[in-house]
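Q: Next one to model:
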Amino acid sequence: MRAMYAFFKRGFDLIAALAGVAVLAPGLGLIALIIKLDSPGPVFYRGVRVGYRGKKLRIFKFRTMTVDAEKTGTTTSHDDPRITRVGRFLRRYKLDELPQLLNVVKGEMSLVGPRPEVEEHTSAYRDEEILILTVPPGITDYSSIRFVELGKELGSENAHEFFLTRLRAEKNRLRLKYVRKRSFREDLRILFWTFATLIRVAFGSGGGRDWSA
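A: Here you go, the predicted structure:
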């Protein structure tokens, strides 16, 4: 059953990602132009993340911060001064994540799966948390929906410490929950609730709900 699920999941991912890139191409091009006009630096952020079976990959994201911002920390607070003007808008509506459709096309990621983390966090996985790396990483999952407004929850002071001590364990709990419950039907459910949550955020209703039950 798992093999069949993986086969159909990859087929769905590839078709949906290719269709998404084709349909969104004009908008993606416009965003790229605006980024170039807004601040110096590349259009894309290509951060290193740890994915399936511990293999490292470079994710595609629209750059929302100043060049080399990650050198001063991997946690981004709500009012982080490293975020550009355009970047703040892109991050609010998760438009910066759209280029990861290219990672999906390449087979490095899935539409649905645990968000790939920096090695600082994956190297801290203990016991069952290691299971997170036994499935392909994804653009969205339970954790992404629950923490859709992560910056707000982190606040402005000691954001990295707050993440490590208060939020990381909960994010990993939700990632593990996905690993255990994953199915094609559950993937579709997660995609639905992802879009629903983004709409709620766009209209000011707020996110942060746990839809994994």
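
Q: and I132, helix, strand or coil?
A: Using DSSP: H, G, I helix; E, B strand; the rest coil, the secondary structure recorded for I132 is helix.

Q: can you pull the contacts of it?
A: I132 sits next to P114, T122, Y125, N172, R175, L176, V179 when contact means Cβ atoms under 8 Å, 6 or more residues apart in numbering. For glycine as for every other residue, the C-beta is placed from the backbone atoms N, C-alpha and C.

Q: Repeat the analysis, applying 7 Å as the threshold.
A: Applying Cβ atoms under 7 Å, 6 or more residues apart in numbering to I132 gives the contacts P114, Y125, N172, R175, L176, V179.

Q: and what of K177?
A: Applying Cβ under 7 Å, 6+ apart to K177 gives the contacts Y142, S212.

Q: Quick check: it is in a helix.
A: Yes - per three-state DSSP, K177 lies within a helix segment.

Q: related to what we said a few turns ago, would you format the contacts of I132 as CSV with pLDDT, neighbour count and distance to K55 included?
A: As requested, the contacts of I132 are exported to CSV (pLDDT from 0 to 100; neighbours: other Cβ atoms under 10 Å; distance: Cβ to Cβ, whole Å):
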residue, pLDDT, neighbour count, distance to K55
P114, 97, 30, 14
Y125, 94, 17, 15
N172, 96, 22, 19
R175, 96, 25, 17
L176, 96, 18, 19
V179, 96, 18, 17
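
Q: And the furthest pair within those residues?
A: Spanning the widest gap among the contacts of I132 are Y125 and V179, at 12.1 Å by Cβ to Cβ.

Q: This protein: strands as residue ranges?
A: 44-45, 48-50, 56-58, 61-62, 110-112, 138-140 (DSSP state E).

Q: will you turn these into a markdown table that also has mean pLDDT, distance to T75 and mean neighbour count?
A: Below are the strands of the chain laid out as a markdown table (pLDDT from 0 to 100; distance: least, Cβ to Cβ, whole Å; neighbours: other Cβ atoms under 10 Å):
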| stretch | mean pLDDT | distance to T75 | mean neighbour count |
| --- | --- | --- | --- |
| strand 44-45 | 96 | 15 | 18 |
| strand 48-50 | 97 | 15 | 18 |
| strand 56-58 | 97 | 20 | 14 |
| strand 61-62 | 97 | 16 | 22 |
| strand 110-112 | 98 | 24 | 26 |
| strand 138-140 | 97 | 20 | 25 |
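
Q: Now the longest helix anywhere in the chain: buried residues?
A: Secondary structure of the chain per DSSP state H: the longest helix is helix 2-38. The neighbour-count check on helix 2-38 (16 or more other Cβ atoms under 10 Å) flags K9, F12, D13, L14, A17, G20, V21, L28, I31, A32, I35 as buried.

Q: circling back: okay, the strands of the chain in a markdown table with distance to P99 next?
A: Shown next, in a markdown table, are the strands of the chain (distance: least, Cβ to Cβ, whole Å):
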| stretch | distance to P99 |
| --- | --- |
| strand 44-45 | 6 |
| strand 48-50 | 14 |
| strand 56-58 | 11 |
| strand 61-62 | 6 |
| strand 110-112 | 14 |
| strand 138-140 | 10 |
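
Q: Compare those strands and give me the one nearest F147.
A: So among the strands of the chain, strand 138-140 is nearest, using Cβ to Cβ, at 11.0 Å.

Q: what comes into contact with the closest one?
A: Counting by Cβ under 7 Å, 6+ apart, E97, Q100, M109, S110, L111, V112, G113, P114, R115, I190, T194 sit against strand 138-140.
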